[in-house]
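Colleague: Give me coordinates for this.
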Amino acid sequence: MTDSFLLHDLITRSTEINPQAIALTYGKQSITYGELCGSIEGFVSGMRELDLQRGERIAIYLEKRFETVIASFGATAAGCVFVPLNPLLKPDQVAYIMRDCNVRALITSNERLPLLTPVMEACHDLRHVLLVNAETLPSSGSPVSYLRWDDLLKSPLRTGHRVIDTDMAAILYTSGSTGKPKGVVLSHRNMVAGAKSVASYLGNTADDTLLAALPLSFDAGFSQLTTAFHCGARVVLLNYLLPRDVLKALEREKVTGLTAVPPLYIQLTQLEWPAGITEHLRYFANTGGRMPRETLAALRSRLPKTKPYLMYGLTEAFRSTYLPPGEVDRRPDSIGKAIPNAEILVLRDDGSPCAPNEPGELVHRGALVGMGYWNDHEKTAERYKPLPSGTPGREAGLVLPELAVFSGDTVRQDEEGFLYFIGRRDEMMKTSGYRVSPTEVEEVIYATRLVGECVAFGVDHDQLGQAIQVIATPAREGGDFDTTELLAECRRLMPAYMVPAHIDVREGPLPRNPNGKIDRKALSTEWNERQRA
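Modeller: Residues are numbered from 1 along each chain as shown. Next up is the predicted model:
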């Protein structure tokens, strides 16, 4: 038995330990680690039969299902790079990504293919389309060939290209706050180190069952697979339509670990929970933004025996910090400290370390730092920068530069080393001469318990520079609330410069981006366009 160095080694290693253990459950079906490993070997043989070369990109445009996982890990075992596409993306968005990273092969379904056919002609590097459930194949139009999944997996056994852990494994596209999505390139080392680190502090074992509720195109969503496979645990794949479906899956599958984004947790706290979930749900963890205090309190009241893990991460470094459950009561607003095998620095603009409680930029260094943005020198140079000489961990005698991720997030670090998220630099609001974090405003509004969901953003104002605009939903579905009452509470709880200038009420839920986060940028753009109309 060997250690895991490459992404697909995570599955191979767990197969060596217990090939009969259940690796994946999807609906009423399950497959073992041995079966998963065998399917990956078949996928590798098929990719070599198609003459895919080392490092070529394979896009996966599917909902969560067995084939999605097999193709992801099979691509890296073949020596290629997988590009997971969020199934919520529209055809033009899919085509942009496939053109941007020169996708050579596409894995999709018979149902999704008609959506993509009009845009595939513009994907000049695409040569092969593999359909997971096709009975008949479309007539092949040059230069693209169509193949059945089952046929390809029956290809004569062949091994993949030789790769090492610093080779590319995946390109994860992030929506970003402006412009086209950026492709974050992650190496085998990034993803394996992340799996080992996260599994260590969550205490994952082979007895765990993790619910994959987040998109697998999202770093935290894919992390459910890697952490589980590292320790031989089971993953339940869930494509949910309603938040209630998540609760049903937790109960039905006796899930022990759940990771989700705050908007989903907000919705879940508005539902009745089956009483028995806390008996088997060992932990719940958040990602994709700070958990509102009221939401955290509501979850803990429903799950008294379940440990909360408050986490922070950025795709450019996979995972970054976590707050241990034992610290939640003492510092519920903290994002914790660095995860194992990572270092988090808080730096000023000149690269020098900030003093305790002085706001600065969160900078992540270590084995999880990604390989930059695909084919984008300018954005890579903005985010991945050499650490200045003299920075903690970088002695002056070291000649070769070390690249770290400069997150663009403003945080502070207290005297004990715990970190607190303040806001995104590109989302900070400048009003009446003050810099205000939208999450700080939202936190206070959630604490009033008068809203279901809310989002804050700055809008241009002649006197203030920016005025604070809030969009909120009623606390209960079909209910209503008085904005006058909410504004009165804001004035009671906030300094005058933080009080929203306007509050718009709308029916929930608020729109999400493809990763399930409330889409602040879309709501802000929509609001501004309405004002100009």
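
Colleague: only C-alpha atoms for contact and neighbour calcs from this point on.
Modeller: OK.

Colleague: what residues are up against Gln267?
Modeller: Pro243, Gly452 (CA atoms under 8 Å, 6 or more residues apart in numbering).

Colleague: Which of the three states applies to it?
Modeller: What DSSP: H, G, I helix; E, B strand; the rest coil gives for Gln267 is helix.

Colleague: what ranges of this protein fall below the confidence cut-off?
Modeller: Scanning the chain for pLDDT under 70 picks out 1-2, 140-142, 175-179, 432-435, 463.

Colleague: elements contacting the longest helix that it contains?
Modeller: For the chain, the longest helix by residue count, based on DSSP state H, is helix 33-49. Under the contact criterion of 3 or more CA pairs under 8 Å, 6 or more residues apart in numbering; DSSP states H and E, helix 33-49 touches helix 9-17, strand 22-26, helix 66-77, helix 149-152.

Colleague: Packed most tightly, which of these would that be?
Modeller: Most buried of the helices and strands packed on helix 33-49, by mean neighbour count (mean count of other CA atoms under 10 Å): helix 66-77, with a mean of 24.

Colleague: what's the spacing between it and its chain's center?
Modeller: 18 Å (CA atoms, centre = their mean, to the nearest Å).

Colleague: C-terminal to that helix, what's the next element?
Modeller: Counting by DSSP states H and E, the next helix or strand C-terminal to helix 66-77 is strand 81-84.

Colleague: Point out the other elements, helices or strands, that that next one touches.
Modeller: strand 57-60, helix 66-77, strand 168-174.

Colleague: Off-centre distance for the longest helix of the chain?
Modeller: So, by CA atoms, centre = their mean, the centroid of helix 33-49 is 26 Å from its chain's centroid.

Colleague: And for that helix, what's in contact with it?
Modeller: With CA under 8 Å, 6+ apart as the criterion, helix 33-49 contacts 11-12, 14-15, 18-23, 70-71, 73-75, 77-78, 152-160.

Colleague: ditto for stretch 117-136
Modeller: Outside stretch 117-136, the residues touching it (CA under 8 Å, 6+ apart) are 67, 91-92, 95, 98-99, 102-110, 143-150.

Colleague: List buried members of the residues you listed by neighbour count.
Modeller: Among the contacts of stretch 117-136, those buried by neighbour count (16 or more other CA atoms under 10 Å) are 67, 91, 95, 98-99, 102-110, 144-150.

Colleague: What about those, which are in strands?
Modeller: Mapping the buried ones among the contacts of stretch 117-136 onto strands (DSSP state E) picks out Val103, Arg104, Ala105, Leu106, Ile107, Thr108, Ser145, Tyr146, Leu147, Arg148.

Colleague: mind listing what the third one touches?
Modeller: Put plainly, it is Ala105. So Ala105 contacts Arg57, Ile58, Ala59, Leu126, Arg127, His128, Val129, Leu130 (CA under 8 Å, 6+ apart).

Colleague: can you tell me which two in these are farthest apart?
Modeller: For the contacts of Ala105, the maximum inter-member distance is 13.7 Å, found between Arg57 and Leu130 (CA to CA).

Colleague: Counting neighbours, go ahead and name the busier of those two.
Modeller: Applying other CA atoms under 10 Å to Arg57 and Leu130 shows that Arg57 carries more neighbours, namely 28 against 22.

Colleague: where exactly do the helices run in the stretch 101-250 of the chain?
Modeller: 113-120, 149-152, 188-202, 219-231, 243-252 (DSSP state H, counting those that start in this stretch).

Colleague: Next, format those helices as JSON lines and append distance to Pro325.
Modeller: Below are the helices of the stretch 101-250 of the chain laid out as JSON lines (distance: least, CA to CA, whole Å):
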{"stretch": "helix 113-120", "distance to Pro325": "45"}
{"stretch": "helix 149-152", "distance to Pro325": "44"}
{"stretch": "helix 188-202", "distance to Pro325": "10"}
{"stretch": "helix 219-231", "distance to Pro325": "19"}
{"stretch": "helix 243-252", "distance to Pro325": "21"}
